[in-house]
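K.L.:
Let me see the structure of the following:
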Amino acid sequence: MERNEQISVTEEFVKQNLKGYDSGHDWWHIERVRKLALYINDAEELADPFIVEVTALLHDTADSKFAGDNIENGYSMIRDFMDKNGMSEIKDRVLNAIKNIPFSNNRKAGLIDDPLLLTVQDADRLDAIGAIGIARAFNYAGFRNNPIYFPGEESGNTGRSTIGHFNDKLLKLKNLMNTCTGRKIAEERYEILEKFLEQFYSEWYFIKDK
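P.N.:
The predicted model follows:
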């Protein structure tokens, strides 16, 4: 099977397996991450573009937010798919990257300084900040019926909210970029997060300039 055919069958496989995900983790998220990963890789010449593209396409197939305790089944499904479609040689490297991409994965496994992982991880994190990141955060919160904000939570009040997610994760991503290209894009998107939060607090507490 030629590489372009492998990309096509991977696209179809991913589209079928994203059913049930919220629209912040849908095909268009995958497409944005693919474009970002290929852009970063082209700028920095880190890995084979084909394996970057395959990894970007498959990176959410076993997402723990949706797979839960069945995440190993997701990994097995990826292995079987890649074996059946002539990608056995790159299977282990792709799976290693996928397992280590998530921000929530504190149990790193395998080779974590692989340029493939660093490239796709940056792309995935970039899609979590900026205007798109804000839209995705509130979309997922609605999907899970999470509250928008707990007043005063930034001062120590407990509770899970979407604004809390900004502080717990999104605002940290700029400093977690692996590549020069990723860091440059993150700087621009981080400013959008800051401006949004400033306006959000101003409206929530009805702060008016005197």
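K.L.:
Now the residue nearest the centre of the chain: which helix or strand?
P.N.:
For the chain, the residue nearest the mean C-alpha position is D124 (3.3 Å; CA atoms, centre = their mean). Element membership for D124 (DSSP states H and E) is helix 115-126.
K.L.:
For that helix, which helices and strands make contact with it?
P.N.:
Applying 3 or more CB pairs under 8 Å, 6 or more residues apart in numbering; DSSP states H and E, we find helix 115-126 packed against helix 27-44, helix 49-58, helix 88-100, helix 180-204. For the C-beta atoms, the positions are set from N, CA and C on the backbone; glycine is no exception.
K.L.:
Count the neighbours of F50 for me.
P.N.:
Using other CB atoms under 10 Å, F50 is surrounded by 14 other residues.
K.L.:
Over to the one 4 residues further on?
P.N.:
Here the number of neighbours of V54 (other CB under 10 Å) works out to 26.
K.L.:
I'd guessed the residue nearest to the centre of the chain sits against A97; true?
P.N.:
No. Using CB atoms under 8 Å, D124 is not in contact with A97; the gap is 10.3 Å.
K.L.:
Using PDB, write out every CA atom in stretch 49-60.
P.N.:
Listed in PDB are the C-alpha atoms of stretch 49-60, where the atom choice follows Å, rounded to 0.1, in the frame of the first residue of the first chain:
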ATOM      1  CA  PRO A  49       6.500  13.900   7.500                       C
ATOM      2  CA  PHE A  50       4.600  10.700   6.900                       C
ATOM      3  CA  ILE A  51       5.000   9.400  10.500                       C
ATOM      4  CA  VAL A  52       4.200  12.900  11.800                       C
ATOM      5  CA  GLU A  53       1.000  12.900   9.800                       C
ATOM      6  CA  VAL A  54       0.000   9.400  10.900                       C
ATOM      7  CA  THR A  55       0.600  10.100  14.500                       C
ATOM      8  CA  ALA A  56      -1.300  13.400  14.400                       C
ATOM      9  CA  LEU A  57      -4.200  11.600  12.800                       C
ATOM     10  CA  LEU A  58      -4.300   8.800  15.400                       C
ATOM     11  CA  HIS A  59      -3.300  10.800  18.500                       C
ATOM     12  CA  ASP A  60      -6.900  10.900  20.100                       C
END
